[in-house]
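A.B. asks: with the sequence up front, the predicted model follows.
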Amino acid sequence: MYKNLVAALAAACCFFPLQPAQAQPPTRAAWVYVTPVLDTGWTRQHELGRLAVQQALGDQVKTSYVENVAEGADAERVMRDLARQGNDIIFTTSFGYMEPALKLAQEFPRVKFEVITGVRRAPNVATANARYYEGRYLSGVAAGRMTKSNVVGYVAGFPIPEILSSINAFTLGLRSVNPQATVKLVWLNEWFNPPREREAAMTLIDQGADVLAFNSASTAVMAAAEERGQLAIAYHSDMRAVAPTAQLAAVTHHWEAYDLARVRALRAGQWQSGDSWGGVAAGMVRIGAFGPKVPAAVRQEVLARQKDIAAGRLQPFAGPVVDNTGRPRVPKGRSASDAEILQMDYLVEGVQGSLPK
């Protein structure tokens, strides 16, 4: 009887052949950029993340990007188009993309949104950021050792907590090795405007700054420092191609591992909304690419401090921290909490400037 059953099943297979398992279709992933894709800078680092995903996953993924997308209504239009085109996951790489992403997440519940630098989440909206302030503290140490005028200039984007914590950490690092040094601040209230970035840099140099820092998106500040024979700290990327003698060091940001992990999680059915905030220890923030004018002793000191931050031995916002109006902000004996850093709304002692009205 058993033999007859086997024979019957075999015969049935001739009429109903077994179907091979369906291969998982490629995951469609898109990136939205607030500036053009340049050779260096904020958007370049995110583009490196996209390229890493494409290279690692090959035909398992189809990636695309849209560049130079203004925050607000234009961003909403672009992201809606990407969702309608069938993208499974959309990486939005600017703080001003958060509200459009939250709105569209309700309209397209199947699509996953990764809001880089965002602070609000939803079931299909995750947020991620880097502890930029850690790299800023380290670059402040380098600036404090290299300035001769004790005046350091800083070209800032918008007065959001991420930028305020960067300015403050930079100033604390600066004054940890050079208590006489001060930071002169110029606000742009935009991320990408090379002519205005250059103008701000030139103004700061005219006011005595011999080291510049910035968190705008172009290389204009670096080029201005090179032209005027001063020093500048590259941000997001190594910018020695633009400022071969002016670059003091580069604070670089690395999104490849994060982006790849999120796409892999989606393909495995394990993607979840959450918040990620990695820094030096996670390899998302680094300092290096020191310029030719930097003595070996300064390089060694900065790299040693980087190891201290990675190991948790050094906290950039260890108290006492006082703001530039004299108000105590972090008492001696403790460090600012993550919540305090994420909500920072003041400038520390040593910064010459104020928040825009």
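C.D. replies: Now that the structure is in, tell me what you want to look at.

A.B. asks: and residue 232, that one's in a strand?
C.D. replies: Yes: counting by DSSP: H, G, I helix; E, B strand; the rest coil, residue 232 is part of a strand.

A.B. asks: quickly list what it is bridged to.
C.D. replies: Beta-bridge partners recorded for residue 232 (DSSP bridges): residue 212, residue 247.

A.B. asks: for the remainder of this discussion, apply numbering that starts at 36.
C.D. replies: Done: numbering now begins at 36, and the last item shifts to residue 267.

A.B. asks: residue contacts, it?
C.D. replies: 236, 246-249, 256-257, 259-261, 278, 281-283 (CB atoms under 8 Å, 6 or more residues apart in numbering). C-beta here means a position set from N, CA and C on the backbone, and glycine is covered the same way.

A.B. asks: try residue 380
C.D. replies: Taking CB under 8 Å, 6+ apart, we find residue 380 in contact with 196, 199, 390.

A.B. asks: try it again with 10 Å
C.D. replies: Neighbouring residues of residue 380 by CB atoms under 10 Å, 6 or more residues apart in numbering: 194, 195, 196, 199, 358, 364, 390.

A.B. asks: among these, which ones are buried?
C.D. replies: Buried residues within the contacts of residue 380, counting neighbours by 16 or more other CB atoms under 10 Å: 194, 195, 199, 358, 364.

A.B. asks: quick check: the two most widely separated of the contacts of residue 267?
C.D. replies: Greatest spacing in the contacts of residue 267, by CB to CB: 248 and 261 (14.9 Å).

A.B. asks: can you redo the contacts of residue 267 as JSON lines with neighbour count?
C.D. replies: Putting the contacts of residue 267 into JSON lines (neighbours: other CB atoms under 10 Å) gives the following:
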{"residue": "236", "neighbour count": "27"}
{"residue": "246", "neighbour count": "31"}
{"residue": "247", "neighbour count": "26"}
{"residue": "248", "neighbour count": "31"}
{"residue": "249", "neighbour count": "27"}
{"residue": "256", "neighbour count": "31"}
{"residue": "257", "neighbour count": "29"}
{"residue": "259", "neighbour count": "26"}
{"residue": "260", "neighbour count": "30"}
{"residue": "261", "neighbour count": "20"}
{"residue": "278", "neighbour count": "23"}
{"residue": "281", "neighbour count": "27"}
{"residue": "282", "neighbour count": "25"}
{"residue": "283", "neighbour count": "27"}
